[in-house]
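Q: Pasting the sequence and the predicted coordinates here, then a few questions.
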Amino acid sequence: MKLFGTFGILLVFLIGLSHSIKPSDKCVQDITQQRIPEKCRIHCLYKAYKFVNKFSVNDEQIEHFKNILVTHNGIEPDKADQVKQHIKSCAEAAMASISNMPKYPPSREIVERKCDIISGFFGCVVDNKNVKVKGYETAI
């Protein structure tokens, strides 16, 4: 009977693994099925990787972004504090732009503009000075 219980737990675990989907594939699927606009691809990925939350970036997410870059060799560990400050300044600029936009009604046009701003946040972070494209791609 113990063997049957163990087999059942293993089966549930394997089914869960088989249904997992990479964030990039999930975002492409959402775009294809028109659940999100094409312009929101980077925003979708950043949400999946927990670099942003909806259309905001907090200190915890900045720290997480920096840690991912350090842990996965996107940046040198001795530059982590400098990069964290850089990410924070990019986030502040993006959040300032978003905060000036109307919240309601949440039209598709406003959502796309907010997604453009998050894409600009990505462009700001990966500036080839503080974070190089190759390092970013390695880490992500």
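A: In hand now; what should we look at?

Q: what about the spatially most central residue of the chain, which helix or strand?
A: Geometric centre of the chain, nearest residue: Tyr46, 1.3 Å, by C-alpha atoms, centre = their mean. With the criterion set as DSSP states H and E, the secondary-structure element containing Tyr46 is helix 41-48.

Q: Quick check: buried residues in that helix?
A: Taking 16 or more other C-beta atoms under 10 Å as the basis for neighbour counts, the residues of helix 41-48 that come out buried are Arg41, Ile42, His43, Cys44, Leu45, Tyr46, Lys47. Yep, even glycine has a C-beta here, placed from its N, CA and C like the rest.

Q: Dump the C-alpha coordinates for that helix into CSV.
A: What follows is the C-alpha trace of helix 41-48 in CSV, where atoms were taken according to Å, rounded to 0.1, in the frame of the first residue of the first chain:
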residue,chain,number,x,y,z
ARG,A,41,6.2,40.7,-24.4
ILE,A,42,9.0,42.2,-22.3
HIS,A,43,6.6,43.2,-19.6
CYS,A,44,5.2,39.7,-19.5
LEU,A,45,8.7,38.2,-19.2
TYR,A,46,9.7,40.6,-16.5
LYS,A,47,6.5,39.7,-14.5
ALA,A,48,7.3,36.0,-14.9
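
Q: circling back: for the nearest residue to the residue nearest to the centre of the chain once chain neighbours are set aside, give its distance to Cys27.
A: Spatial nearest neighbour of Tyr46, chain neighbours left out: Val52 (4.4 Å); criterion: C-beta to C-beta, 6 or more residues apart in numbering. Shown here: Val52 relative to Cys27, a distance of 13 Å by C-beta to C-beta, to the nearest Å.

Q: for the lengthiest helix in the chain, packing partners?
A: The longest helix of the chain (DSSP state H) is helix 80-99. Helices and strands touching helix 80-99, by 3 or more C-beta pairs under 8 Å, 6 or more residues apart in numbering; DSSP states H and E, are helix 59-71, helix 108-125.

Q: and the longest one, average pLDDT?
A: For helix 108-125, mean pLDDT is 91.
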